[in-house]
Every structure is written in C-alpha cells, then in structure tokens.
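Participant: need a 3D model of the sequence below.
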Amino acid sequence: MKRVFKKIIPYSCAALLLTAVSTSCTDNYEEINTDKNAVMSIGAAEMPYLFSKAISAVRWNDQVGDVFHGDQYAQYLANISPSWSSDRLIIDMGFAASPWNAQYTEIVPQLQTIFEKTDPNSAEYAIANIWWVYTFHRHTDYWGPIPYFKAGIPGKSVAYDPQDKIYDDFFKRLAAATNVLKTKTSEKPFGSFDLIYGGDAAKWLKFANTLRLRLAIRISDVDPARAKTEGEAAFSGGVFTSSPDDDALAKKNNLDGNSLSAQSDYNEARMSAAMESVLKGYEDPRISVYFLPALNTNTYEGVRNGLKTAEVSLPMNVAKAASHVGPRWSSPASGGIASYLSTPANVMSTAEAYLLRAEGAMLGWNMGGTPKELYEGGIINSMKQWGITDQAAINAYVSSTKTPVAPQDMFNSPALTHVPVKFDPSNAAVQREQIAVQKWLALFPDGREAWASYRRTHKIFDLYPITTSDNPDIPDPSSKWIRRLPFLTAEYQSNGDETRKAVSLLNGQDKIITPLWWDKN
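Facilitator: Below you'll find the predicted structure:
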C-alpha cells in the first residue's frame, strides 16, 4: 500500500496564520502585535502569497483526490494495483477527504482574505473571484450540495447549499469579475505569484469567459434558457481561441511538483481500455503524448476498469503489459523525461473552448461558427496544445473515417464506439457523439472535468461498464454508473445535523447512483 505524504512549507507568515500555526514571524512580537489574540496583521504585501497558495492547493491528478476518483470514473486510467478497490467503486472516505479538506483549509481562507483586504473593483479581487468559482465548481461537481455560502465562517456547524444556488452564484461572480477585468487588461495583478498567467489580466479575462462557457454547457439540460444566456455572454466576452497561447497551465502543481507525475511512480494505474480503443482506432497522434508503449510489447495497451484482485495479477494486466502515462509525466526509468516532476499542470485549454462552442452551436446558440467548424477547431487546437504541428497529419486526422477498435482483451471488449473523426454531414445524433468523444480526448488528463462532462453526456457517448462492482449500490454495472461521491463519514460525525439535512437537497439518497442537479441522464 502506498501512502502519500505532502510536504508543508509556509508561503508566508499570512499562510501560516491561515493554517492555524500560532507562531510569530518576527522577533519584534510586542511591537507589531497590539492584539494579543492575533498572530500578525495581513496587508497588501501578503496578498500575492495567498493567491499563490490558493492555486498550488489545487492538486490536479492527485493520487487520492483524482486518480482514485475522476481519472478512473472518466476511464482515462485503470487500476492495476491489488491494494486498491477504487476502480470497483468502493469509496475510501479517507481518500475522498483529501480534496474536501484542501478546499476548505488551503483555498477558501486564502481567497476570503483577499476579498476582505482588496477593493472589489480591483483586478486582484476579480481574479480571486474567478479562482473561487474554478475551485468550487470542481468541488460541487464531486458531491452536489456542499458548504458554500457560509464556508470559512467560524462555527460549530456549517450548512450545505443546493447546487442550483451555487451555480447561480458562480455565474454572478464570473459576470462581476469579467466586468472589472475588461477595463484592466494591461494590469499585472499578483505578478509572478500568479502561477498560471504571471499576472496577465487579459488572459484571466479569457479564462473567466471560457469557464463561464463550460458551466453554461454543464447546465444546458436542466436550465436551457439560463445556459444560453450565460453561454452567449461568455462567447461575446472573449474565450480562448489560440493554443498554446491561451491555454491555462499551473507552473507549480502543489509543493511536490506535478501530481500526475508524482503518482505515476507508484505504478498503480495504466491506460484504460477505453482510451486504447479510441486512440488506436483513430490512429490518433496524441497517443504517444498521453501514454507510453507497454514495456513487454512496445505497443499501446489498455486495461478495463473494474478488475478483480485476482485479475490484476494476470499476465495481460500487470504493469509491464499495459501503457504508462506519457513521457512528460513519467520518470526516465519508465521511459519518460528527467524533468517530469516539474511538468506544468493542465488547467483549461483552447481545445475545450472550441468543443464547448461546437456543442453550443448544436443547441442553437450564437457561438461564432458552425458546429463543424468549431469541432474541427477543437481537434486542431488540441493537437497544437500537445506539440503536434505536422499540418498534413492533422488534416488527415480531421478527415479520417477510421473508427475505434476492439482492444483485444480478456473480456472480448467491443470497440468503444463506431463514430469516425470526420464530422458527419447531416446526422445530429452522430455529430453530438463526435463532439463528446473529441472533448473527452481533449480534456486529458483532467479526469475530474472529464467525469463531470461524461455524466452529462452519458446517453450520447457511453464508456465501458466496469467489469466488477464491489459497491452494493451498483450490483449490475451494465445498467448503473457512478454519478457522485457520497458525503464524508467525517462530515456525518462532526457536522452531522447539517449533513443529514443536505441529503434532502439531493435528487435521491446519499449514494453514488444519485444524479447531481445538472445530470439529467
């Protein structure tokens, strides 16, 4: 069993204050501390440190937060370790607590302090607001109702809020932030402490609008009128249009380096059979970026999600028989690069923006292009994002009629889908599935977002049912699938009354099969 330990290194005295470390940061304690209950005063000089911490605390592809949840549920990766049962839908509450606790202890206090200490009309306040929405949309889309409006307020208990109200606040915050930033695009808020754009307010404006478009598409089934309004406002405000110039990358993905790179050394996850079927069938040039050839065969090989403990040890499923994550996230010993731990984390991409627009255009929204144009733009920009610049190869891919293939595994799995890359000229159902497939490919390795997107489009594009479920809520994986994480045991223990009330905010019981507010599949 692998245990993950995170180094805790203070970013500043302010960061120490916000993590309840009660030590003084100066020898002149009496001189600066007139309030004997205060550790220090926090001023403008500390704001950049707090924002930096709020970014680095988002551990994209963290082992316990994402790899054991979103990355497997989106079928980017499959488990090959006999030690873990997450791929068979057993929820380890200790693992699920990792992203939950990080949100409320390493992100919320930092951003709330920035809100308290900066002008609401400043670029700093606007960007903190954007980051608040980005982190919380990932959070609520894991659980549904969560403590939100009273998050960070001291008390013995904290109420949960319904997801529709949370999303409403997301849109209000993004609208306010973009209204501020569009007049401050030349400013450099937080400077180099901004680990994504280095203080480029113009890029944060595009980020906010792209995030707003993502959320608009997310609610398009449950509230189509609001979705159209928000989506068109996002597009008119200016979304990502050029990769890699606009792509959001976090230069420091937590204090230990890139989380996907760090967990890849554990050799507990490999390419999924779903990814194998699609990438190999399409002869997708991104396959050599996303994965490494299996050591035993020098070919790309995936594994079905949901293997039993005994199946994990079979020759076709062991580590050397399946494909490791790609070279940028792998150590030299696995066939990767020496700087793999410092690979920037993928936050949001131009390719996604185009594919969101393609879906919006399918819904009749004004997205500045036809579904076909935007779909192809998503593919082209995804290729550019990953360093694929051979235009002839890109053109050949876009016009390809190749389809996914059967992965030739022990389960005789069929091809995942039968749609080609080439955009169908007339069949809207095929077009929607093609957009969903390419979005799934383009979002890699962000399994948390891919799982959210998949839950909304499950009827359009279906992944393989897991081979085995050990969760009693899903006795038959062919008919049900995981749709959320259940509330934490620790929450029932320490915030019990409010957690029990939160169950009434769900569309059913506190189970993994209960759909979230926006999930109408």
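Participant: for the protein, which helix is longest?
Facilitator: helix 123-143 (DSSP state H).
Participant: could you pull up the mean pLDDT of that helix?
Facilitator: On average, the pLDDT along helix 123-143 is 98.
Participant: next helix or strand past that helix?
Facilitator: Reading on from helix 123-143 to the C-terminus, the next helix or strand found by DSSP states H and E is helix 163-181.
Participant: quick check: next helix or strand after that following helix?
Facilitator: Taking DSSP H and E, what comes next after helix 163-181 is helix 201-218.
Participant: give me the contacts around the helix or strand just after that following helix.
Facilitator: Downstream of helix 201-218, the first helix or strand assigned by DSSP H and E is helix 224-237. Outside helix 224-237, the residues that touch it by CB atoms under 8 Å, 6 or more residues apart in numbering are 171, 174-175, 178, 182, 205, 208-210, 212-213, 215-217, 219-220, 356-357, 360, 363-368. The C-beta positions use only the backbone N, C-alpha and C, and glycine is treated the same way.
Participant: what about the stretch 51-200 of the chain, any weak spots by pLDDT?
Facilitator: Applying pLDDT under 70 to the stretch 51-200 of the chain flags no residue at all.
Participant: need the per-residue pLDDT for residue 15.
Facilitator: 33.
Participant: what of the one 5 residues further on?
Facilitator: As summarised for this prediction, residue 20 has a pLDDT of 34.
Participant: over to the one 5 residues further on?
Facilitator: Per-residue confidence (pLDDT) for residue 25: 31.
Participant: same thing with the one 4 residues further on?
Facilitator: On the pLDDT scale, residue 29 is placed at 29.
Participant: for the one 10 residues further on, same thing?
Facilitator: Residue 39 is assigned 42 on the pLDDT scale.
Participant: and the gap between the residue lying closest to residue 314 once chain neighbours are set aside and residue 134?
Facilitator: In this structure, residue 314 finds its nearest non-sequential neighbour in residue 410, 7.0 Å apart by CB to CB, 6 or more residues apart in numbering. Distance, residue 410 to residue 134, using CB to CB, to the nearest Å: 40 Å.
Participant: likewise residue 470?
Facilitator: For residue 470 relative to residue 134 (CB to CB), the value is 33 Å.
Participant: neighbour count: these two, which is higher?
Facilitator: For residue 470 and residue 134, the more surrounded residue by other CB atoms under 10 Å is residue 134, and the numbers stand at 25 against 15.
Participant: my guess is the more buried one contacts residue 210. True?
Facilitator: No. Using CB atoms under 8 Å, residue 134 is not in contact with residue 210, being 10.4 Å away.
Participant: mutual contacts of those two, please.
Facilitator: Shared contacts of residue 134 and residue 210, defined by CB under 8 Å, 6+ apart, are absent.
Participant: surely residue 98 touches residue 67?
Facilitator: No. Using CB under 8 Å, residue 98 is not in contact with residue 67, being 11.0 Å away.
Participant: counting neighbours, go ahead and name the busier of these two.
Facilitator: residue 67 (27 against 20).
Participant: just list the residues touching the more buried one, thanks.
Facilitator: Contacts for residue 67 were tallied using CB under 8 Å, 6+ apart; they are 61, 77, 260, 263, 268, 269, 447.
Participant: hey, where'd the helices end up in the stretch 1-150 of the chain?
Facilitator: 13-18, 29-32, 47-56, 70-73, 93-102, 108-117, 123-143 (DSSP state H, counting those that start in this stretch).
Participant: please identify the deepest-packed of these.
Facilitator: Greatest average neighbour count among the helices of the stretch 1-150 of the chain goes to helix 70-73 (a mean of 27), per mean count of other CB atoms under 10 Å.
Participant: what is that one packed up against?
Facilitator: In this structure, helix 70-73 makes packing contacts with strand 77-79, helix 447-456, judged by 3 or more CB pairs under 8 Å, 6 or more residues apart in numbering; DSSP states H and E.
Participant: highest mean neighbour count out of those?
Facilitator: The most buried one of those (mean count of other CB under 10 Å) is strand 77-79, showing a mean of 28.
Participant: for that one, which outside residues touch it?
Facilitator: With CB under 8 Å, 6+ apart, strand 77-79 has contacts from 67, 71-72, 86-87, 268-273, 302-305, 307, 312, 322, 325, 447.
Participant: repeat for stretch 351-371
Facilitator: For stretch 351-371, the external contacting residues (CB under 8 Å, 6+ apart) are 210, 213-214, 216-217, 220, 224, 227-228, 231-232, 235-236, 239-241, 243, 246, 374-375, 377-379, 381-382, 385, 423, 428, 431-432, 435, 438-439, 442-443.
Participant: what residues sit buried inside it?
Facilitator: Going by neighbour count (16 or more other CB atoms under 10 Å), the buried part of stretch 351-371 is 351-363, 365, 367, 369, 371.
Participant: starting at the chain centroid, how far to it?
Facilitator: Relative to its parent chain, stretch 351-371 has a centroid offset of 21 Å by CA atoms, centre = their mean, to the nearest Å.
Participant: now do the same end-to-end measure for that stretch.
Facilitator: End-to-end distance of stretch 351-371 (CA to CA, to the nearest Å): 14 Å.
Participant: and the helices and strands packed on helix 70-73: which comes nearest residue 498?
Facilitator: Across those, residue 498 has its closest neighbour in helix 447-456 (24.4 Å, CB to CB).
Participant: so what touches the closest one?
Facilitator: 60-61, 66-67, 69-74, 76-77, 138, 141-142, 214, 218, 221, 436, 439-440, 443-444, 461, 463, 483, 515-516, 518-521.
Participant: tell me where the model's unsure across the stretch 251-400 of the chain.
Facilitator: 252-256, 317, 319.
Participant: redo that, cut-off 90
Facilitator: Residue ranges of the stretch 251-400 of the chain with pLDDT under 90: 251-259, 262-268, 309-310, 312-321.
Participant: that one: helices as residue ranges?
Facilitator: Using DSSP H, counting those that start in this stretch, the helices of the stretch 251-400 of the chain run over residues 259-264, 273-281, 287-290, 309-312, 350-362, 371-385, 391-398.
Participant: picking up where we left off before, of the contacts of residue 67, which pair is most distant in space?
Facilitator: 268 and 447 (14.5 Å).
Participant: can you get me a residue count around residue 186?
Facilitator: Residue 186, neighbours per other CB under 10 Å, totals 9.
Participant: ok, now which ones touch the residue nearest to residue 301 when sequence neighbours are not counted?
Facilitator: Nearest residue to residue 301 in three dimensions, chain neighbours excluded: residue 294, at 4.5 Å (CB to CB, 6+ apart). Going by CB under 8 Å, 6+ apart, residue 294 touches 300, 301, 320, 321, 322, 323, 324.
Participant: in ChimeraX, how would I select the buried members of those?
Facilitator: The following ChimeraX line selects those of these that are buried, judged by 16+ other CB under 10 Å:
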select :300,301,321,322,323,324
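Participant: just the closest of the contacts of residue 294 to residue 156, please.
Facilitator: Set against residue 156, the nearest of the contacts of residue 294 by CB to CB is residue 324 (46.8 Å).
Participant: which intervals of the stretch 401-521 of the chain have sub-threshold pLDDT?
Facilitator: 521.
Participant: now do the helices in it.
Facilitator: Using DSSP H, counting those that start in this stretch, helices in the stretch 401-521 of the chain cover 428-443, 447-456, 489-494, 496-503.
Participant: those helices into TSV, with extra columns for distance to residue 146?
Facilitator: Output for those, formatted as TSV (distance: least, CB to CB, whole Å):
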stretch	distance to residue 146
helix 428-443	22
helix 447-456	14
helix 489-494	10
helix 496-503	8
